[in-house]
Every structure is written in C-alpha cells, then in structure tokens.
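1. structure here, sequence nowhere to be found:
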Ligand code: SAH
C-alpha cells in the first residue's frame with residue numbers, strides 16, 4: 001500500500017545526543033549540536049500538529065474544516081507547509097496532470113478549482129479559473145467552503161478536485177460540483193490511490209451522482225486521475241460506494 005502522504009513529517013532523523021541548552025553555563029552560545037537538537041524537536045512538534053490537523057480534515061465534514069481554519073489561520077499555513085513538502089517528493093505533482101489535460105482542451109472552457117491551494121492550476125493555464133479554498137494562499141482565491149461555492153447553476157465547463165476531496169460529506173461536495181457544471185461538462189478528480197477502498201463501487205456511486213466515467217488512470221501507485229462527464233443532476237438515494245479512506249498516517 002502507498003504510504004500516506006504525510007509520513008515523512010513524523011520521521012525525524014535520529015542524531016547524536018547533545019548537551020541540553022539548560023545545562024550549559026549561562027551566556028555560553030548554543031552549540032551546533034544543541035541547535036540541531038532544537039531544530040529536530042521543533043520539526044517533531046510541527047509533525048505532530050500537522051498529523052492532528054490532517055486527521056481533523058479527513059474525518060470531519062467540509063464545514064468543520066472551514067470552521068477550523070477560520071478560527072486558526074496559522075493552522076492552515078502549517079497544513080500547507082506539510083502538503084508542499086510531501087508533493088515535492090512525489091514523482092509527479094497531480095496538479096500537473098490536470099494542467100496537461102486542460103492544455104489539450106480549448107482555453108475558452110471555464111474551470112472551477114475546488115480546494116485550489118496556492119492556485120498552481122490557475123497560474124498554469126489560459127482558461128478562466130475560479131479558485132476556491134478556505135484561506136487565501138493567493139489573491140486569486142475566493143474563500144468559501146467547497147460544499148457551497150458562489151457560482152450560478154450550470155456555469156462552468158470543468159470542475160476540478162485535485163487532492164481536495166477531504167471532507168466526509170462527499171455527496172454534498174460532489175453535488176455542488178454537479179450543480180455548477182453545465183450538462184456534458186467535465187469533472188476531474190485526482191486523489192491519493194490508497195484512499196480508494198473499492199474503485200468500482202466508487203465509480204458506480206459517481207454514476208448515481210450524475211457523473212459518467214470517461215477515463216480512469218490507475219497506473220500510478222501515488223494517485224489516481226479520474227475524468228467524468230456530467231450526464232444530469234444527482235439522483236437522490238444512498239450511495240454506499242461513495243467512500244474514501246482518510247489519508248491518515250501513524251508516527252514512525
Ligand atoms: N489542489 C491543490 C491543493 C490540494 S491540498 C493542489 O493540488 O496543489 C487540498 C486543499 O483543499 C487545501 O488547500 C485545503 O485547504 C482545501 N480544502 C479542504 N477542505 C476544503 C473545504 N471544505 N473548502 C474549500 N477548500 C478546502
């Protein structure tokens with residue numbers, strides 16, 4: 001199974017023991033080893049905070065996430081630092097796949113990027129891109145919960161969720177994408193491979209939400225890229241297959 005994306009953050013390297021700062025005679029400058037120890041401890045602390053935040057994001061609703069980051073914008077920046085460090089280690093950034101996809105299609109298509117992060121997508125294509133996230137990492141961001149975006153019904157051609165299906169209210173979030181997409185419009189989902197419990201059941205549930213599978217790239221052990229076309233509005237009723245495992249990790 002693919003390691004959860006944040007694993008590295010907790011895995012602080014083991015270094016030699018060194019004299020704790022409080023045992024040094026007063027006024028003596030901190031040795032290189034003390035500074036290294038301190039940096040390692042800080043890193044561990046950040047790792048622990050990050051794991052806690054990450055768990056909250058994947059185990060609560062999108063509304064809970066909105067409340068969390070509104071109350072503590074610093075937490076958001078910590079989360080993003082962790083996110084950036086992780087995706088830099090992957091062989092390819094999933095958002096680059098979406099960029100390549102959009103570059104092959106007409107630049108006139110209007111795009112909505114749900115959970116846009118630092119707006120890499122908007123900055124990389126010529127299309128008009130509506131960028132939605134909980135805190136503005138970039139001036140292009142419209143701050144909102146992705147379950148309730150300020151767009152008219154059937155107003156966009158392409159909706160994107162790139163590593164952004166975090167809330168437990170998946171049906172509501174994808175229902176919002178369905179609402180803003182034009183009929184026949186495209187939904188692109190890039191998501192961590194190990195989150196899918198049963199991809200067939202997931203795609204079946206997507207069909208019930210009004211999204212026909214157009215293509216699926218399951219070749220990467222890091223992330224899947226799924227392309228859907230909107231066939232119509234969401235059909236009501238339970239969608240038991242619409243489940244994604246939270247992207248949690250254990251401290252190693
Ligand atoms: N799509 C970007 C960022 C992915 S990280 C990329 O691929 O680079 C996931 C993003 O989803 C984060 O920026 C996070 O803040 C955002 N997010 C999580 N829950 C959200 C919600 N309820 N509403 C809006 N954005 C949300």
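-> Perfect, I can see it now. Note that the structure is predicted; figures quoted are calculated from it, not measured. Residues are numbered from 1 along each chain as shown.
2. residues making contact with stretch 211-225?
-> 2, 90-92, 94, 97-98, 163, 174, 178, 186-193, 196, 199, 203, 206-207, 226-231 (CB atoms under 8 Å, 6 or more residues apart in numbering). C-beta here means a position set from N, CA and C on the backbone, and glycine is covered the same way.
3. from these, keep the buried residues only.
-> Neighbour counting over the contacts of stretch 211-225 (16 or more other CB atoms under 10 Å) leaves 94, 97-98, 163, 174, 178, 186-192, 196, 203, 206, 226-230 as the buried ones.
4. now, those that are in helices?
-> 94, 97-98, 174, 178, 203, 206 (DSSP state H).
5. filter these down to the ones near the ligand?
-> The residues of these that also fall near the ligand, by CB under 6 Å from any ligand atom, are residue 94.
6. how close does residue 89 sit to residue 222?
-> Separation of residue 89 from residue 222 (CB to CB, to the nearest Å) stands at 10 Å.
7. of the two, who's got more company?
-> Taking neighbours as other CB atoms under 10 Å, residue 89 and residue 222 compare with residue 222 leading, 17 against 10.
8. give me phi/psi at that one?
-> phi -90, psi -50 (degrees, to the nearest 10).
9. and if you look at residue 167?
-> Residue 167 adopts backbone torsions of phi -70, psi 160, taken as degrees, to the nearest 10.
10. which residue is the nearest non-sequential neighbour of it?
-> Among residues not flanking residue 167 along the chain, residue 62 sits closest, at 3.3 Å (CB to CB, 6 or more residues apart in numbering).
11. surely that neighbour and residue 145 touch.
-> Yes: counting by CB atoms under 8 Å, residue 145 is a contact partner of residue 62 at 5.2 Å.
12. which one's more surrounded, the two?
-> Higher neighbour count among residue 62 and residue 145: residue 62, with 26 against 23, using other CB under 10 Å.
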